[in-house]
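> 3D, please:
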Amino acid sequence: MDMKRINAGKLRAIGYDPKERLLRVEFDDGSAIDYAGVGSEVWRRFSTSGAAWSFYRDNIEEEFAGKRGRAAVASQRAALDALFGGGEAEVPKKANPLDALFKAPGEE
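As a prediction, the model looks like this:
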């Protein structure tokens, strides 16, 4: 499902699967709710609304039963790690040029 990024109230992303009639709403705290049985007209009005947070509260939250979940942050992180090279890679330690000046007697 393609997600549309928005910044309205607590909403951060919304997406719709017309085949499944499934609406996904992601919030600023990382939570998400999937609403089943949402018609394409409701999606069209929601996704083009100038007041998406109000539309959500008035027409979706109170009209449809939702199933709570989490936003897909982990998969986005994995994609960025793959693009920019691992997230857990060890950073090589650089030698400090002053270490040579402050060696203990007998150290080489």
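> what values do phi and psi take at the nearest residue to Ala51 once chain neighbours are set aside?
Nearest non-adjacent residue to Ala51, counting by Cβ to Cβ, 6 or more residues apart in numbering: Ala8, 7.3 Å away. Any C-beta I mention is one placed from the backbone N, CA and C, and that applies to glycine too. Main-chain dihedrals, Ala8, degrees, to the nearest 10: phi -140, psi 110.
> burial of Ala8, as a residue count?
For Ala8, the count of nearby residues is 15 (other Cβ atoms under 10 Å).
> do the same with Phe27
Quick note: Phe27 (other Cβ under 10 Å) scores 15 neighbours.
> rewinding a little: so the residue nearest to Ala51 bridges to which residues?
Beta-bridge partners of Ala8, counted by DSSP bridges, are Leu11.
> for it, give me its contacts.
Each residue near Ala8 by Cβ atoms under 8 Å, 6 or more residues apart in numbering is listed here: Ala51, Ala52, Trp53, Tyr56.
> quick one, what contacts Ser54?
Gly9.
> can you give me the helices in the chain?
Secondary structure of the chain (DSSP state H): helices at 40-47, 52-55, 73-84.
> ranking these by mean pLDDT, which is last?
When these are compared by mean pLDDT, helix 73-84 comes last with a mean of 57.
> number of residues surrounding the residue nearest to Ser49 when sequence neighbours are not counted?
Leaving aside its sequence neighbours, Ser49 sits nearest to Phe55 (Cβ to Cβ, 6+ apart; 4.2 Å). Here the count is done by other Cβ under 10 Å, and Phe55 has 19 residues near it.
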